[in-house]
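**Q** next one to model:
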Amino acid sequence: MDRRWPKRTIAGLMLGVVLSGCTRPGLLRWAERPTSTHESAVQAGESPIRPATYVASEEDVYSQPISPESRLAPAVGPDILAGMLPIDACIRRALEANASVRAARFNVEALRQRIPQVTALDDPILSNTIFPIPSVAPQYSLMGYMPYAALLAQQFPWCGTLRLRGQAAEQDVRIALFELAATQLDAIAGVKRAYFDLHFAERAESLLKQNRKLAEEFLQIARVRYPTTTATQSDVLRAEVAVSDIDRELENNAAALSEARAELTRLLHLGSESDIRTVPELPVDSVPNELERLYQLALASRPDLQGRLAAVDRDLVAVELARKRYYPNITLGLVYQDMEKTNAVTPKTASGMPNVGLFVGMNLPVYHKKLAAGVCEARARAAADRALYEAERDQSHRDIKSLFVQARAQQNAISLLRKSNLPAARQVLRLTSSEYRTNVAGVDLLSVFSAWRDLLQVELQIAQIEAEQGKTLASLERAVGVQLNEHPPDLSSLAAPPAPSTSTSPFGATAQPTATTGRTELPGSEKGRPTPLMPRGPGGGTKEGRQSGGRSAVPAQP
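**A** Sure, this is the predicted structure:
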């Protein structure tokens with residue numbers, strides 16, 4: 001029998017493994033990156049999230065480098081989404097194209113791809129030992145000379161380790177989903193605030209232009225009456241100064257208008273020169289009545305709190321993973337030893353028959369101080385995330401209370417201005433201007449200007465407070481996590497707010513919240529990805545997201 005065939009077979013097998021690893025289609029595609037950018041995919045209406053299954057022909061948007069041209073070019077042409085836009089259209093655009101929202105989506109996809117990685121076994125090990133010098137190679141009198149030995153081994157973690165790793169990775173995905181929802185909530189609130197700022201600047205511009213026409217009319221009256229001595233030169237000068245004041249306020253308002261439009265285009269991921277305008281009439285939702293109900297809604301639906309609870313659940317799984325380190329990992333292997341009569345010490349008695357054996361090994365977890373420190377570290381992280389949840393809850397209550405009181409005060413101020421100050425200012429201006437035109441004694445141009453400025457200030461103040469109330473309600477909806485109006489949604493339409501369990505905490509004292517199937521999930525979620533909810537009213541918006549600081553999805557250590 002020719003004993004050289006196992007050498008060629010083993011060598012060919014190892015060469016094939018090496019060549020197959022170097023010529024996989026995925027590695028070749030990684031070197032040949034496509035030239036299309038992510039922005040072109042967004043403009044074409046394609047989803048930036050690619051399937052998990054790798055297809056050799058599809059474009060790899062994840063590995064696309066940023067070219068110098070794309071760094072300088074605007075994200076979207078200035079002719080996109082120009083003109084008068086309702087707030088709903090701006091919200092939809094922000095949910096699709098906002099850079100922070102897209103980054104959060106990619107983060108969810110990245111963490112989702114971690115699950116099959118942590119639940120899979122480690123790569124098997126293939127080793128080959130060659131003994132090229134027969135005189136110092138292993139010699140067996142009955143079997144002969146051993147030129148080389150091969151070993152194929154696979155490590156198996158202790159029972160339940162892979163399952164716990166998968167659970168920890170799934171909790172990371174849940175945390176990322178809540179961060180995506182929070183990022184979307186941030187984008188919606190930011191769009192609403194910028195939209196109300198832009199709307200106020202446009203209303204102020206309209207009011208100032210209208211009042212400039214009135215000031216020019218007063219100036220013409222003063223110039224006509226001056227030669228007839230029914231008006232003094234000071235009246236003419238006052239009228240000219242009034243027109244100049246309006247022009248100065250128009251210039252200042254133009255700067256505020258440009259700033260508000262730039263902020264809105266930034267949130268919508270548009271070109272800086274996009275000419276976006278708001279609708280003429282923008283109703284503002286009324287302020288909710290029940291403060292305690294807002295607290296309950298925040299506990300049930302605010303994604304920041306849900307993400308903190310998911311982080312605690314992940315840390316509890318990490319505690320179990322740390323305890324698994326007390327148990328050894330088992331390694332099973334197959335050993336092949338080639339034997340031949342050639343170069344054997346006793347070739348006449350050597351059989352030259354190859355050996356096939358089984359290999360069993362394990363690590364010895366004998367350093368208990370290190371293992372105990374790992375368990376204590378996982379417990380401390382769980383307790384820290386629990387404390388962060390309580391801090392987030394307290395902060396949400398504080399924000400809701402502050403915004404609720406502020407919105408109530410703004411609503412009362414608007415009601416008072418509209419019912420009392422605005423009609424009175426209009427009546428005073430109407431009377432004084434009528435008396436001035438008819439040359440009533442005791443009514444001069446200064447009295448007319450005083451009444452006119454009072455009316456202008458009241459109108460501007462109403463427009464400003466209405467815009468501030470809209471921004472406050474947008475921040476209040478962000479703090480609660482759901483869309484609001486005078487009557488917030490019933491808790492029965494949401495899942496019950498998660499309550500901390502009474503199970504023993506990692507330290508044996510503090511109760512830890514547990515992950516239950518009854519916990520509030522993201523509304524409209526499909527396959528773990530939240531679907532934006534469109535607003536129900538003219539002043540409402542969708543509700544889904546901010547990326548919370550300090551709660552990144554850190555994988556639990558196995």
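**Q** output the lowest mean pLDDT helix or strand found in this protein.
**A** When the helices and strands of the chain are scored by mean pLDDT, DSSP states H and E, helix 25-31 comes last with a mean of 31.
**Q** correct me if wrong: residue 190 contacts residue 267.
**A** Yes - using C-beta atoms under 8 Å, residue 190 is in contact with residue 267, at 5.1 Å. All C-beta atoms are positioned from the backbone trio N, CA, C, and that covers glycine.
**Q** so for those two, which residue has more residues nearby?
**A** Taking other C-beta atoms under 10 Å, residue 190 and residue 267 do not tie; residue 267 has more neighbours (26 against 22).
**Q** just checking, that one touches residue 194?
**A** Yes - using C-beta under 8 Å, residue 267 is in contact with residue 194, at 5.9 Å.
**Q** ok, back up a step: identify the contacts common to residue 190 and residue 267.
**A** residue 94 (C-beta atoms under 8 Å, 6 or more residues apart in numbering).
**Q** let me see the ranges of the helices in the stretch 351-500 of the chain.
**A** 368-416, 422-437, 445-480 (DSSP state H, counting those that start in this stretch).
**Q** on contacts alone, who are the packing partners of the second one?
**A** Counting contacts by 3 or more C-beta pairs under 8 Å, 6 or more residues apart in numbering; DSSP states H and E, helix 422-437 is packed against helix 445-480.
**Q** could you report the distance from residue 135 to residue 127?
**A** 24 Å (C-beta to C-beta, to the nearest Å).
**Q** which one's more surrounded, these two?
**A** Under the criterion of other C-beta under 10 Å, the comparison of residue 135 against residue 127 puts residue 127 first, with 12 against 9.
**Q** ok, what's across the strand from that one?
**A** residue 151 (DSSP bridges).
**Q** could you give the angle of the helix or strand that contains residue 191 to helix 422-437?
**A** For residue 191, the enclosing helix or strand under DSSP states H and E is helix 161-225. Orientation check (axes from the mean of the first three to the mean of the last three C-alpha atoms, to 10 degrees): helix 161-225 against helix 422-437 gives 20 degrees.
**Q** could you point out which element follows helix 161-225?
**A** helix 233-267.
**Q** what mean pLDDT does that next one get?
**A** Taken as a whole, helix 233-267 has an average pLDDT of 88.
**Q** quick one: buried residues of it?
**A** 235-236, 238-239, 242-243, 245-246, 249-250, 253, 257, 260-261, 263-265, 267 (16 or more other C-beta atoms under 10 Å).
**Q** make TSV out of the helices of the stretch 351-500 of the chain and add mean pLDDT and distance to residue 209.
**A** Listed next are the helices of the stretch 351-500 of the chain as TSV, based on pLDDT from 0 to 100; distance: least, C-beta to C-beta, whole Å:
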stretch	mean pLDDT	distance to residue 209
helix 368-416	94	23
helix 422-437	87	17
helix 445-480	90	12
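**Q** most packed of those?
**A** Mean neighbour count (mean count of other C-beta atoms under 10 Å) peaks for helix 445-480 among the helices of the stretch 351-500 of the chain, with a mean of 21.
**Q** okay, angle between it and helix 422-437 too, please.
**A** Using the same axes, to 10 degrees, helix 445-480 lies at 160 degrees relative to helix 422-437.
**Q** distance between helix 445-480 and the chain's centre?
**A** Helix 445-480 has its C-alpha centroid displaced from the chain centroid by 33 Å (C-alpha atoms, centre = their mean, to the nearest Å).
**Q** stretch 468-485 now?
**A** 18 Å.
**Q** just stretch 188-203 next, same as before
**A** Going by C-alpha atoms, centre = their mean, where stretch 188-203 is centred and where its chain is centred differ by 21 Å.
**Q** buried residues, it. List them.
**A** Applying 16+ other C-beta under 10 Å to stretch 188-203 flags 188-203 as buried.
**Q** any idea of the mean pLDDT for it?
**A** Computed over stretch 188-203, the average pLDDT equals 93.
**Q** for residue 243, list the residues it contacts.
**A** Neighbour list for residue 243: 212, 215, 216, 219 [criterion: C-beta under 8 Å, 6+ apart].
**Q** any idea which of those residues is the one closest to residue 291?
**A** Minimum distance to residue 291 across the contacts of residue 243 is 44.0 Å, recorded for residue 212 (C-beta to C-beta).
**Q** how much space between the nearest residue to the closest one once chain neighbours are set aside and residue 457?
**A** Of all residues beyond its chain neighbours, the one nearest residue 212 is residue 246 (4.3 Å), with distances taken as C-beta to C-beta, 6 or more residues apart in numbering. Distance, residue 246 to residue 457, using C-beta to C-beta: 13 Å.
**Q** equivalent analysis for residue 185, please.
**A** Counting by C-beta to C-beta - residue 185 and residue 457 are separated by 36 Å.
**Q** ok, now residue 299?
**A** 43 Å.
**Q** centroid residue for this structure?
**A** residue 183 (3.2 Å; C-alpha atoms, centre = their mean).
**Q** between the contacts of residue 243, which has the most around it?
**A** Top of the contacts of residue 243 by neighbour count (other C-beta under 10 Å): residue 215, with 24 neighbours.
**Q** give the contact list for that one.
**A** So, once contact is read as C-beta under 8 Å, 6+ apart, residue 215 ends up touching 239, 242, 243, 246, 452.
**Q** state the pair within the residues you listed that is farthest apart.
**A** 243 and 452 (11.9 Å).
**Q** can you point out the buried residues in stretch 107-117?
**A** 107, 108, 109, 111, 112, 114, 115.
**Q** the closest residue in space to the last one that isn't next to it in sequence: how many residues sit nearby?
**A** Distance criterion C-beta to C-beta, 6+ apart; nearest residue to residue 115, sequence neighbours excluded, is residue 169 at 4.5 Å. Here the number of neighbours of residue 169 (other C-beta under 10 Å) works out to 24.
**Q** ok, residue 308 touching residue 394?
**A** No - taking contacts as C-beta under 8 Å, residue 308 lies outside contact range of residue 394: 11.8 Å.
**Q** nearest to residue 368, of the buried residues of stretch 107-117?
**A** residue 114 (30.0 Å).
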